[in-house]
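J.: take a look and give me a structure for this.
(one chain, ligands or ions: 1)
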Amino acid sequence: MPSWAAALAVSLSVRVGPTGHVVGLGQQESSLAAAQAWVVDLNGGLENVSFRQAGILDNDLPAESFDFVHLRFVRATVGQYDAMVAAAARLLKPGGVMAL
Ligand SMILES: C[S@@+](CC[C@H](N)C(=O)[O-])C[C@H]1O[C@@H](n2cnc3c(N)ncnc32)[C@H](O)[C@@H]1O
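T.: Alright, predicted model coming up:
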């Protein structure tokens with residue numbers, strides 16, 4: 001999860017507000033640490049953003065627990081389009097929105 005992805009998480013944190021929560025997934029521990037540090041440095045810490053070391057295809061996030069799943073610029077990297085969409089759909093609450 002590079003810093004521009006952390007920037008996206010920060011942007012979404014503003015949208016969801018204090019009653020919402022943004023979860024950023026990343027696979028490399030160093031990238032996650034950098035994203036967390038970036039969020040803290042620029043904003044003094046955000047209570048509604050967290051990062052997890054997991055992929056969209058292999059995470060233990062509960063089914064139907066998100067209103068919005070954003071997979072920006074991830075398709076080419078994951079390389080398994082149908083599996084990626086199915087995994088994202090699993091996370092969405094009924095009526096939730098997926099952005100690819
Ligand atoms: C071009 S970057 C886009 C990063 C971010 N989504 C953004 O829009 O700034 C592609 C990202 O996909 C991530 N990625 C690769 N395989 C993944 C998977 N199975 N689940 C989630 N992310 C994955 C990589 O770690 C990389 O950070």
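J.: please see if stretch 90-100 touches the ligand.
T.: No - judged by Cβ under 6 Å from any ligand atom, stretch 90-100 makes no contact with the ligand; its nearest approach is 10.3 Å. (Glycine included, C-beta is placed from N, CA and C.)
J.: mean confidence score for that stretch?
T.: Mean per-residue pLDDT for stretch 90-100: 97.
J.: pull out the buried positions in it.
T.: Of all the residues in stretch 90-100, those buried under the rule 16 or more other Cβ atoms under 10 Å are 90, 91, 92.
J.: now stretch 53-66
T.: 54, 56, 66.
J.: follow-up on the earlier one: and which of the buried residues of stretch 90-100 is nearest the ligand?
T.: Closest approach to the ligand among the buried residues of stretch 90-100 (Cβ to the nearest ligand atom): residue 91, at 11.8 Å.
J.: chain center to the top strand by length along the chain: distance?
T.: Of all segments of type strand in the chain, defined using DSSP state E, the longest is strand 92-99. Remark: strand 92-99 is offset 14 Å from the chain centroid, using Cα atoms, centre = their mean, to the nearest Å.
J.: that strand pairs with which strands, parallel or anti?
T.: strand 66-70 (parallel) (DSSP bridges).
J.: is the partner strand in proximity to the ligand?
T.: No - Strand 66-70 lies apart from the ligand when judged by Cβ under 6 Å from any ligand atom; the minimum separation is 7.5 Å.
J.: quick one: mean pLDDT for that strand?
T.: Strand 66-70 shows a mean pLDDT of 97.
J.: what residues of that strand count as buried?
T.: Under the neighbour-count criterion of 16+ other Cβ under 10 Å, strand 66-70 has 66, 68, 69, 70 buried.
J.: need the residue closest to the centroid of this structure.
T.: The chain has residue 24 as the residue nearest its centroid, 2.9 Å off, counting by Cα atoms, centre = their mean.
J.: any idea of the pLDDT on that one?
T.: On the pLDDT scale, residue 24 gets 93.
J.: show me the contacts for it.
T.: Under the criterion of Cβ atoms under 8 Å, 6 or more residues apart in numbering, the neighbours of residue 24 are 1, 5, 6, 9, 32, 35, 49, 50, 51, 52.
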